[in-house]
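Enquirer: Okay, predicted coordinates and the sequence, questions at the end:
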Amino acid sequence: MILTAIYLNFGIRSEVISPLKGLSEFPTVIGRWKGHVSHFDEDVYKTLGVDDSYLCNYQSEDGKSIQLYIGFYQSQREGALIHSPKNCMPGAGWDIINRSLIKVNMSPRGQRKVIRLLMRKGNERQIALYWFQSRGRVISSEYWQKIYLIWDSIFKHRTDGTFVRLIAPVEHSEAETTRDLKGFAQDLFPILEQFLPGA
């Protein structure tokens with residue numbers, strides 16, 4: 001973290017990178033899921049420090065729901081760093097009871113690992129899948145996200161980055177909810193490639 005701060009504050013100035021298309025244009029229909037755009041409170045956006053974002057609640061015809069959040073940062077040099085759910089969700093009252101890596105088919109890139117969280121608040125359970133999609137990489141580690149951030153700030157003059165998170169309530173079983181999230185992520189990834197800057 002100290003090295004990150006040094007390079008982001010004193011390293012080579014990064015280019016300002018924008019999404020290929022504004023996230024306000026993101027589709028509200030993804031596969032079998034139809035969504036309704038939502039928004040966090042303004043204070044949340046100030047805390048997150050995002051330059052562009054998208055929050056949408058998707059539902060399937062059989063009543064299942066998945067929330068998608070995308071947060072895009074043009075630069076992470078001015079103190080606006082991507083926030084991990086491992087820090088945010090406990091603050092919202094959710095206990096993280098399991099963390100693991102699972103593979104998702106992100107065609108045309110093939111299988112990629114993403115982070116899976118099982119969370120509980122009282123009798124409610126949720127599963128989240130999330131990853132960092134930054135400068136052409138799909139990253140499933142907060143540690144490697146920071147390493148690549150330093151590397152790319154030096155050699156690419158870029159510190160832009162994107163955080164992608166899916167959350168769904170566990171209604172029947174954890175396995176079923178995970179399958180739904182993986183299927184959604186598989187349909188989502190080619191769309192993300194149309195919006196997010198690559199390498």
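Expert: Nice, I can see it. Numbers count the residues shown, from 1 in each chain.
Enquirer: Run through the protein and note the low-pLDDT ranges.
Expert: 1-15, 78-81, 91 (pLDDT under 70).
Enquirer: in it, which helix has the most residues?
Expert: helix 174-195 (DSSP state H).
Enquirer: what helices or strands is it leaning on?
Expert: Contact here means 3 or more C-beta pairs under 8 Å, 6 or more residues apart in numbering; DSSP states H and E; on that basis helix 174-195 packs against strand 29-30, strand 65-73, strand 95-105, strand 111-121, strand 124-134, strand 161-169. Quick note: C-beta positions are derived from backbone N, CA and C, even for glycine.
Enquirer: Now do it against strand 65-73, angle only.
Expert: 40 degrees (axes from the mean of the first three to the mean of the last three C-alpha atoms, to 10 degrees).
Enquirer: thinking again about what came up before, turn the helices and strands packed on helix 174-195 into a markdown table, columns for mean neighbour count and distance to residue 146.
Expert: Below are those laid out as a markdown table (neighbours: other C-beta atoms under 10 Å; distance: least, C-beta to C-beta, whole Å):
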| stretch | mean neighbour count | distance to residue 146 |
| --- | --- | --- |
| strand 29-30 | 14 | 30 |
| strand 65-73 | 21 | 13 |
| strand 95-105 | 13 | 17 |
| strand 111-121 | 18 | 15 |
| strand 124-134 | 21 | 10 |
| strand 161-169 | 21 | 10 |
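Enquirer: Just give the nearest non-adjacent residue to residue 100, would you?
Expert: residue 116 (5.0 Å; C-beta to C-beta, 6 or more residues apart in numbering).
Enquirer: Let me have the helices and strands packed on helix 174-195 in CSV, extended by distance to residue 141.
Expert: Formatted as CSV, the helices and strands packed on helix 174-195 follow (distance: least, C-beta to C-beta, whole Å):
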stretch, distance to residue 141
strand 29-30, 26
strand 65-73, 18
strand 95-105, 9
strand 111-121, 8
strand 124-134, 8
strand 161-169, 13
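Enquirer: out of these, nearest to residue 198?
Expert: For these, the distance to residue 198 is smallest for strand 124-134, at 9.5 Å, taking C-beta to C-beta.
Enquirer: who are the neighbours of the helix or strand following the closest one, in terms of helices and strands?
Expert: Toward the C-terminal end, the helix or strand that comes next after strand 124-134 (DSSP states H and E) is strand 137-139. The helices and strands touching strand 137-139, judged by 3+ C-beta pairs under 8 Å, 6+ apart, are strand 124-134, helix 142-155.
Enquirer: is it possible to export these to CSV including distance to residue 107?
Expert: Output for these, formatted as CSV (distance: least, C-beta to C-beta, whole Å):
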stretch, distance to residue 107
strand 124-134, 15
helix 142-155, 22
